[in-house]
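J.: kindly generate the corresponding structure for this input.
(one chain, ligands or ions: 2)
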Amino acid sequence: MNKAREDKFTQARSALCKGEAGRTGDWRSVRPRIDHAKCIPSKNRRPSCFICWLYCPEGVVKRSIPVEIDLDYCKGCGICAEECPGKAIEMVEEHEEA
Ligand code: SF4
Ligand code: SF4
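T.: Numbers count the residues shown, from 1 in each chain. Ligands and ions are numbered 1, 2, ... in the order given. You can find the predicted model right below:
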């Protein structure tokens, strides 16, 4: 076995857990909206990209086609929109129609 791997402190051991901070209350001011016409997996009909899933600190993005976001737990931080290479995610005001 690799010497570095014997040290339990050298590897991340945490696992992503959805909604660790609990359900989002009514304080969220903006939420993500995905344009599936621009979203890479939807366009290519192939599991690819999923950068939003990788970066979401709440673990509420589902790696599916189409990509889904659990808005019950999404905190509206906007990291997914910032990191999306396809510019497929727009942060919209909470009161806007879905
Ligand atoms: S990062 Fe953007 S393009 Fe990539 S899967 Fe997510 S929404 Fe789609
Ligand atoms: S806005 Fe933040 S919490 Fe919501 S899906 Fe995007 S990265 Fe996750």
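
J.: let me see the contact set for the closest residue to residue 76 other than its chain neighbours.
T.: Nearest non-adjacent residue to residue 76, counting by CB to CB, 6 or more residues apart in numbering: residue 28, 4.2 Å away. Heads up, the C-betas are built off the backbone N, CA and C, glycines and all. Applying CB atoms under 8 Å, 6 or more residues apart in numbering to residue 28 gives the contacts 74-76, 94.

J.: buried ones only from the residues you listed, please, as a PyMOL command.
T.: Selecting only the buried entries of these in PyMOL, with 16 or more other CB atoms under 10 Å as the criterion:
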select buried, resi 74+75+76
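
J.: name the nearest of the contacts of residue 28 relative to ligand 1.
T.: Nearest to ligand 1 among the contacts of residue 28: residue 74, at 13.1 Å, using CB to the nearest ligand atom.

J.: quick one: what helix or strand has the residue nearest to residue 76 in it?
T.: Counting by DSSP states H and E, no helix or strand carries residue 28.

J.: could you check the pLDDT of it?
T.: As predicted, residue 28 sits at a pLDDT of 94.

J.: any idea how far it is from ligand 2?
T.: 9 Å (CB to the nearest ligand atom, to the nearest Å).

J.: for the contacts of residue 28, which one is nearest residue 47?
T.: Closest approach between those and residue 47, by CB to CB: residue 74, at 21.3 Å.

J.: contacting residues for the closest one?
T.: 24, 28, 31-32, 56, 58, 60.

J.: widest-spaced pair of these?
T.: 28 and 56 (14.2 Å).

J.: on that earlier part again, for ligand 2, state which of the contacts of residue 28 is nearest.
T.: Out of the contacts of residue 28, the member with the shortest distance to ligand 2 (by CB to the nearest ligand atom) is residue 74, at 3.2 Å.

J.: can you tell me the SS state at that closest one?
T.: coil (DSSP: H, G, I helix; E, B strand; the rest coil).

J.: let's verify residue 53: helix, strand, or coil?
T.: Secondary structure assignment for residue 53 (three-state DSSP): helix.
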